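A.B. asks: what shape does this take:
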Amino acid sequence: MYNMIKAVIESPSKTKRFRAIIDYNGVERKIDFGSKNAVTYIDKMRTKQERKNYWVRHLANKTEKKRIETLTLSPATLSAYILWGLSTSIEKNIKYLNKMLE
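C.D. replies: Next comes the predicted model:
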């Protein structure tokens with residue numbers, strides 16, 4: 001199974017901030033993620049400690065933890081790796097996640 005994030009665009013959803021366009025074994029899939037009103041690590045308005053707190057909080061949820069750790073593409077996984085990833089650059093975080101998905 002091979003997945004790749006082809007693009008991340010603004011979500012048409014009233015409650016979600018982004019939409020990931022994913023190549024899921026040759027089939028295009030769309031996943032909306034990130035709260036429309038949230039400020040995240042990529043906005044450069046959150047600290048490394050807040051980033052750490054995000055990860056701790058979300059890994060405490062068994063369902064989210066399983067999805068994040070197994071790289072199951074879901075809103076939780078996309079938010080964790082793209083919005084709260086290692087970099088404040090959304091492009092770098094997408095690149096990093098795509099590399100992990102190979």
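A.B. asks: center of this protein, which residue is that?
C.D. replies: Centre of the chain computed as the mean C-alpha position; nearest residue by C-alpha atoms, centre = their mean is residue 78, 1.8 Å away.
A.B. asks: wait, what's in contact with the closest residue to that one other than its chain neighbours?
C.D. replies: Distances taken as C-beta to C-beta, 6 or more residues apart in numbering put residue 33 closest to residue 78, at 4.3 Å, once the chain neighbours are dropped. Where you see a C-beta, it was placed from the backbone N, CA and C, and this is true even at glycine. For residue 33, the contact set (C-beta atoms under 8 Å, 6 or more residues apart in numbering) comprises 11, 16-20, 75-76, 78-79, 82-83.
A.B. asks: ok, now residue 76?
C.D. replies: Contacts of residue 76 were listed using C-beta under 8 Å, 6+ apart, and they are 33, 58, 61, 63-64, 67-68.
A.B. asks: please identify the helix or strand for it.
C.D. replies: Of the helices and strands defined by DSSP states H and E, residue 76 is found in helix 75-78.
A.B. asks: and residue 87, by the same measure?
C.D. replies: Using DSSP H and E, no helix or strand contains residue 87.
A.B. asks: hmm, residue 13 is touching residue 30, no?
C.D. replies: No - in this structure, residue 13 is not within contact of residue 30 by C-beta atoms under 8 Å, at 10.3 Å.
A.B. asks: who touches both of the two?
C.D. replies: residue 19.
A.B. asks: where do the strands sit along the chain?
C.D. replies: Using DSSP state E, the strands of the chain run over residues 3-10, 16-24, 27-35.
A.B. asks: list the contacts for the closest residue to residue 58 other than its chain neighbours?
C.D. replies: Once flanking residues are discounted, residue 58 sits nearest to residue 64: 5.0 Å by C-beta to C-beta, 6+ apart. The contact partners of residue 64, by C-beta under 8 Å, 6+ apart, come to 58, 76, 80.
A.B. asks: and residue 68, how close does it get to residue 76?
C.D. replies: Separation of residue 68 from residue 76 (C-beta to C-beta, to the nearest Å) stands at 6 Å.
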